[in-house]
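Peer 1: test case, fold it:
(3 chains)
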Amino acid sequence: MKADPAGVLTGAHFIDGDHACCEGALAAGCRFSAGYPITPSTEVVERIAARFPHVGGMFIQMEDELAASIAILGAAWGGAKVLTVTSGPGFSLMMEHIGFAAMTETPCVFVDVQRAGPSTGLPTLPAQADMMQVRWGSHGDYGIIALSPNSPQECFNLTIEAFNLAETYRVPTFLMMDESVGHMTERVVIPAADEIEVVPRRYTSKPSGEYLPYEPEEDLVPAMVPVGRGYNVHVTGLTHDERGYPVMNAAAQDRLIRRLVDKIRKNARRIARYEESRIEGADVVVVSYGITSRVAMEGIRLARENGIKVGILRLVVVWPFPGWRIAELSGQIKAFVVPELNMGQMVLEVERYAAGRAKTHCVPHAGGTVHDPKEIATVIEEAVK
Amino acid sequence: MSMAEMEVPRNVVEEYLCMDRMPHMWCSGCGIGTTVNCFVRAIERSKIPRNKIAVVSGIGCTGRVAGYIATDSFHTTHGRAIPFATGLKLARPEMTVIVYSGDGDLIAIGGNHLIHGARRNIDLKIICINNFTYAMTGGQAGPTTPPGSISTTAPYGGFEQEFNLPYLAESSGAVYVARWTSFHVTQLTRAMAECLKKKGMTFLEIITPCPTLYGRRNRQGTGVDTMKMYREMSVVKHGADTKEAAIVPGKEILVGRFVDIDRPTFLDGYNKQMKSRLGERFPEYRGISEESDPLEQHGENEIEQ
Amino acid sequence: MSRTEVKIGGFGGQGVILTGLVLGKAAALYGGLNATMIQSFGPEARGSACSSQLVISDQEILYPYVRQPNILVAINQEAYTKFVPELAPDGLLLFEEDLVHVDERVGHRRARGIPATRIAEELGNRIVVNMVMLGFFSATTGLLREEAVREAVRVSVPRGTEELNLEAYGRGVEYGIRN
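Peer 2: Got it, this is the predicted structure:
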């Protein structure tokens, strides 16, 4: 289905990533957002607060991130496409409701404009150090989807994509921005509404007598019903059966959790998105995402000037991680180089799938700014030796 | 006439309960089931279509209420029933949204949400079962446990001052505040019906026995003994000053409708403010429209009213 | 045109961010170029040092930050003192000549001043000092087409103030050409 023109600001704009994210949400059909201000994500909710009333949407500023992260889930069950936006400390507070959303299969989008941590850290400066937290942060086993934009244009595009994936798989989906991309202003082209594909909610067409709220379809994802239709749907964070009723035993747990993990795992190749450049014949492949992928390109340019054959694999969807592609490449190249604004997170995945067939070099950075491209070039040059 | 043809008299409350989930998990002598009985009778009396009612609970013994009511129902996370219900209500303002939870859930871990929900005057019906303890986890002390009470985390007796819930709710902005005990089934059913009718955030405290944990450790005897105590100690005082409503063991329990005022709800305020600033550019907010609801045509799925 | 780095510094409230935004729009929306702007504020919203950093290029811009500006626009002394050491050796310094005392010892061969605040006051509102600086920038650097900058001014300033801002812009251009 196509986007509702009411929410689409078609044209060329010069806006930052935070504002572009809000426009992406509107284009995707998001009409409910609950938030709590926190640097450097606040501009997103400020724009939402200004824009939503014009298009029949609702923004409410809640008392904390715990409230914001579950108010959106209530609205999602009320039929809305929903989003909340936060950073660092707020993201930590939201973890329980990420688990609740995963367990209840509530479609929702979380935006994390990453800043340097832990704790209060550097509120106004960038990092990419929540990449493992987003995957594993809530207790228990579950799957999620996370995307990482590297420009304001991608903040727009990938916010729409995040909504589409959240609706398709009924899973909390994350836009892992960072302060740099959030506060960077560039040209953002917003297409006409009829050029924007949006995925509507998966509603059942079964009548209430035949409908089971947690009976999966072929792709392991169950269809929903809107509230207020007499289906008497029961939603619980407890382990539940297909009827949605709590069942307290290991067999029910195995059946449910295996499906929650598998609906992402088994659909991983369909969800994954990455871009490759000059991989053919490369000795070194840089694996990168978000703002660092742009900085890495500068580093790659410097290394190529010194005659090194180096390509890049840029992760657009970070989770699920395209491990199969790393495994394929690891037989063909000498080494992977993984720069990221953390002390080594996604590099662990690269290392795991390279499994010793290619060396893996981490280019850690504690955050606060981006890498010096020369630093990345140096590691690339070391890696071919 | 064969047995099959005989008219079996049906309990009116059954239609509103998930009978396939019975028996429920509450202990004998527990007061929660009694309040649920009152609640479904109040729903019936209110004439609100059943499919326009949603029940939201947090975690705990009372948190399980949502699972037994045959409406759309949500068993959320510990303490967060109010913000979940806030999102649901704002997305679907035509629904009557009831938050049914316990004192530990609503007042301790969820206390911040209670006061902000009341301040905003979100149109939610809060039903707070107060049994003075965390029962699901085995009887620990909470913010409503009276000083001197024995609990597993205050084995030598508690000493912290407890919350006076009607006073807390009123000062936070609730438009309707009442307290009854599970002994007062008639008054309680009437109060619940009043809440369902009232616009804005209503707060109903229900004092209930927990004979298994709180009662046993604090020499209240059986559930029946506790009910007798409620009958003897309760004093009905409508319009009482909520400051005077603190519960002191061995002293009288004030019950009644303490507060019943009117003020604009969150959505009233929202629509008025936006209209005044944006004029024609503001489409009045009436909830999220279901752009892709395929059930629009499925009229037969609607509950017959 | 290869990568050009521009830094604009002044007090918060002098329109530093707006100036960067106008230049960015002129390049990215009306000039057929790429532009990346990064803004940084001091701890307070007004009256403290703030700067906007802009990279303009006809190529794809990868590294987003300004490392060694080719052009520095200093609208107050603090911005001058703080940012002038970063300026590229052959870089161009544009400064508000009544507010910035240029240290002769630093010896930038390419430095040009303008009494932008005085010009803005002649127009009746010192708030347009940034537009005067912008006009001066356009005329002096030739980096962007004038029509592109004018269009960017038109769409960026508060409605109803377009004429005043464009007049201020024009005065800056004039000064740049004459001097």
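Peer 1: switch to C-alpha atoms for all contacts and neighbour counts from now on
Peer 2: OK.
Peer 1: can I assume C:Phe136 is in contact with C:Tyr175?
Peer 2: Yes. If you go by Cα atoms under 8 Å, C:Phe136 and C:Tyr175 touch, sitting 6.6 Å apart.
Peer 1: the two: which has the busier surroundings?
Peer 2: When neighbours are counted by other Cα atoms under 10 Å in any protein chain shown, C:Phe136 and C:Tyr175 differ, and C:Phe136 comes out ahead with 27 against 20.
Peer 1: now that one: which helix or strand?
Peer 2: Remark: C:Phe136 resides in helix C:129-141, with elements defined by DSSP states H and E.
Peer 1: check A:Glu381 too.
Peer 2: When elements are defined using DSSP H and E, A:Glu381 is found to belong to helix A:373-384.
Peer 1: check B:Ile126 too.
Peer 2: Secondary structure from DSSP H and E places B:Ile126 in strand B:124-130.
Peer 1: where in chain C is pLDDT low?
Peer 2: Low-confidence regions of chain C, defined here as pLDDT under 70, cover residues C:41-48, C:106-108.
Peer 1: tell me where it has helices.
Peer 2: Chain-ordered helices for chain C, with DSSP state H as the definition, fall at C:16-28, C:77-83, C:116-122, C:129-141, C:146-156, C:162-178.
Peer 1: Serialize these to CSV and add fields for distance to B:Ala54.
Peer 2: Written out in CSV, the entries for these read as follows (distance: least, Cα to Cα, whole Å):
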stretch, distance to B:Ala54
helix C:16-28, 49
helix C:77-83, 59
helix C:116-122, 62
helix C:129-141, 57
helix C:146-156, 48
helix C:162-178, 53
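Peer 1: show me the contacts for A:Thr185.
Peer 2: When the contact criterion is Cα atoms under 8 Å, 6 or more residues apart in numbering or on different chains, the partners of A:Thr185 are A:14-17, A:152, C:36-38.
Peer 1: part of a helix, is A:Val287?
Peer 2: No. Under DSSP: H, G, I helix; E, B strand; the rest coil, A:Val287 sits outside any helix and is assigned strand.
Peer 1: do you know how far it is from chain B?
Peer 2: 38 Å (Cα to the nearest Cα, to the nearest Å).
Peer 1: rewinding a little: show me what counts as buried in the helix or strand following the strand holding B:Ile126.
Peer 2: Stepping forward along the backbone from strand B:124-130, the first helix or strand reached (DSSP H and E) is helix B:165-172. Within helix B:165-172, the residues that qualify as buried are B:165-170, B:172, counting by 16 or more other Cα atoms under 10 Å in any protein chain shown.
Peer 1: and which of those is nearest to A:Ser330?
Peer 2: Minimum distance to A:Ser330 across the buried residues of helix B:165-172 is 61.5 Å, recorded for B:Ser172 (Cα to Cα).
Peer 1: quick check: mean pLDDT of the host helix or strand of B:Arg277?
Peer 2: The secondary structure element spanning B:Arg277 is helix B:266-278 (assigned by DSSP H and E). Averaging pLDDT along helix B:266-278 yields 98.
Peer 1: tell me if A:Ala296 really is in a helix.
Peer 2: Yes. Looking at A:Ala296 with three-state DSSP, it is inside a helix.
Peer 1: list the contacts of it.
Peer 2: If you count contacts by Cα under 8 Å, 6+ apart, A:Ala296 has them with A:286, A:288, A:339, A:373, A:376.
Peer 1: cool, A:Phe174 as well?
Peer 2: Contacts for A:Phe174 were tallied using Cα under 8 Å, 6+ apart; they are A:109-112, A:134, A:144-147, A:162.
Peer 1: go ahead and measure how far the helix holding B:Arg277 is from the middle of the chain.
Peer 2: 29 Å (Cα atoms, centre = their mean, to the nearest Å).
Peer 1: show me chain A divided up by domain.
Peer 2: Chain A breaks down into these domains under automatic domain parsing: A:5-195, A:273-384.
Peer 1: ok so, going back, mutual contacts of C:Phe136 and C:Tyr175, please.
Peer 2: Shared between the contact lists of C:Phe136 and C:Tyr175 (criterion: Cα under 8 Å, 6+ apart) are residues C:Ile114.
Peer 1: can the contacts of A:Thr185 go into a markdown table with extra columns for distance to A:Glu242?
Peer 2: Formatted as a markdown table, the entries for the contacts of A:Thr185 read as follows, by distance: Cα to Cα, whole Å:
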| residue | distance to A:Glu242 |
| --- | --- |
| A:Phe14 | 48 |
| A:Ile15 | 45 |
| A:Asp16 | 44 |
| A:Gly17 | 40 |
| A:Pro152 | 41 |
| C:Thr36 | 51 |
| C:Met37 | 51 |
| C:Ile38 | 51 |
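Peer 1: TSV please, covering the residues you listed and showing distance to chain B and neighbour count.
Peer 2: As requested, the contacts of A:Thr185 are arranged in TSV below (distance: Cα to the nearest Cα, whole Å; neighbours: other Cα atoms under 10 Å in any protein chain shown):
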residue	distance to chain B	neighbour count
A:Phe14	24	26
A:Ile15	23	23
A:Asp16	25	27
A:Gly17	26	32
A:Pro152	28	29
C:Thr36	33	32
C:Met37	31	28
C:Ile38	32	24
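Peer 1: quick one: which of the contacts of A:Ala296 is nearest to B:Lys52?
Peer 2: Proximity of these to B:Lys52 was ranked by Cα to Cα; the top entry is A:Ser288 with 49.2 Å.
Peer 1: residues contacting B:Gly138?
Peer 2: The contact partners of B:Gly138, by Cα under 8 Å, 6+ apart, come to B:152, B:213.
Peer 1: nope, B:Val175 is what I meant
Peer 2: Residues in contact with B:Val175, defined by Cα under 8 Å, 6+ apart, are B:121, B:200-202, B:259-263.
Peer 1: mind running it again at 10 Å?
Peer 2: With contact set as Cα atoms under 10 Å, 6 or more residues apart in numbering or on different chains, B:Val175 has these partners: B:118-119, B:121, B:123, B:169, B:195, B:198-203, B:259-265.
Peer 1: setting aside sequence neighbours, what's the nearest residue to it?
Peer 2: Distance criterion Cα to Cα, 6 or more residues apart in numbering or on different chains; nearest residue to B:Val175, sequence neighbours excluded, is B:Ile261 at 5.1 Å.
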